[in-house]
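Q: generate coordinates for the sequence data below:
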Amino acid sequence: DIVERGDPQRRARAIQQISELFVQGAGHFRPEHVNLFDGILTGLVPDTAIAARAELAERLAAIPNAPPTLVDQLVRADEIAVAGPLLRLSPQIGELTLLDIARGKGQEHLLAISGRASLSAALTDVIVRRGDREVVRSVAGNAGARFSQAGYTGLVKRSGDDGILALTLGQRNDLSPALLEQLLAGSVDVVRRRLFEAASPARKAAINQTMLQITRGAKRTTPARDFSVAQRAVIS
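A: Model prediction:
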């Protein structure tokens, strides 16, 4: 009756009560029980206020056997208050769904995804390509994120005018020596110093070695400059 004729307030009350019941017993429910909750709650959620859906998403976010159809419905919401908790935490959301959302939604959704406990290289490729400064800094600082060569190259390129990103990126242990050299070569001295100060002892040794290589390379490639014309002009 509530599904067919209930107003938003009645729907919200029903969602709250039924989801509380599910959360209390989630650890003991069999698949057929989960399917029952899935069918009922999926029927109630449409046309429900954002606040009610956001509260439901918060309750379900960390539950491994949360109703799958309902989770998929909520995580694809345009409202970040609804989708955000699930994007950050839910183990129910598969790689293909995350990729679909990362490619099609806005910066708030990308930021939520960037905070997940683990991220594949395929996902971080999309995040680095589409994300704004806040999103890219977040994903670079995620210890559970994995990056492809293209993803890391994109991060290093963007760190050229973002000192915070450069500092975050330089502290990652999985950054290759070649990319560390590229990062340091494109960073200003103050960023290099701060990165050295924040690094672990092993990382400090790598930074020192890289800076020596950069310095030697600069000496080899810097052409001799002829100031004789300028000197004559100044003297005259």
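
Q: for the least confident helix or strand in the chain by mean pLDDT, which helices and strands make contact with it?
A: Each helix and strand of the chain was given a mean pLDDT (mean pLDDT, DSSP states H and E); the minimum falls on helix 201-221 at a mean of 71. Where contact means 3 or more CB pairs under 8 Å, 6 or more residues apart in numbering; DSSP states H and E, helix 201-221 is packed against helix 177-185, helix 189-198. C-beta: built from backbone N, CA, C; applies to glycine.

Q: out of those, which gets the lowest mean score?
A: Of all the helices and strands packed on helix 201-221, helix 189-198 carries the lowest average pLDDT, namely a mean of 82.

Q: what residues of it count as buried?
A: 191-192, 194-195 (16 or more other CB atoms under 10 Å).

Q: now swap in stretch 138-145 and tell me
A: Quick answer for stretch 138-145 (16+ other CB under 10 Å): 138-142, 145.

Q: same deal with stretch 55-74?
A: Quick answer for stretch 55-74 (16+ other CB under 10 Å): 55-61, 63, 65-67, 70-74.

Q: go on, stretch 28-45?
A: For stretch 28-45, burial by neighbour count (16+ other CB under 10 Å) applies to 34, 37-38, 40-42, 44-45.

Q: how about low-confidence regions in the chain?
A: The chain contains residues with pLDDT under 70 at 216-224.

Q: let's see 50
A: For the chain, not a single residue meets the criterion pLDDT under 50.

Q: list the contacts for the residue nearest the centre of it?
A: Centroid-nearest residue in the chain, with CA atoms, centre = their mean: Ser114, separated by 1.3 Å. By CB atoms under 8 Å, 6 or more residues apart in numbering, the contact list for Ser114 reads 127, 131, 135, 138-139, 142, 145.

Q: Ala122: neighbour count?
A: Ala122 has 15 neighbouring residues, counting by other CB atoms under 10 Å.

Q: hang on, it packs against Asp100?
A: No - between Ala122 and Asp100 there is no contact under CB atoms under 8 Å: 11.8 Å.

Q: and Thr42, how far is that from Gln209?
A: Distance, Thr42 to Gln209, using CB to CB, to the nearest Å: 57 Å.

Q: which residues touch Gly154?
A: 128-129.

Q: following the helix or strand where it lies, which helix or strand shows up next?
A: In this assignment (DSSP states H and E), Gly154 forms part of helix 149-158. The helix or strand immediately downstream of helix 149-158 is helix 163-170, counting by DSSP H and E.

Q: identify the residue spatially nearest to Val82, adjacent ones excluded.
A: Leaving aside its chain neighbours, Val82 sits nearest to Arg53 (4.6 Å; criterion: CB to CB, 6 or more residues apart in numbering).

Q: what's the following helix or strand after the helix or strand containing the one you found?
A: In the assignment (DSSP H and E), Arg53 maps to helix 50-60. Going down the chain from helix 50-60, the next helix or strand is helix 68-75, by DSSP H and E.

Q: rewinding a little: just want the angle from the least confident helix or strand of the chain to helix 189-198.
A: Here the directions of helix 201-221 and helix 189-198 differ by 150 degrees (axes from the mean of the first three to the mean of the last three CA atoms, to 10 degrees).

Q: for Leu119, give me phi and psi.
A: Taking degrees, to the nearest 10, you get phi -140, psi 130 for the backbone angles of Leu119.
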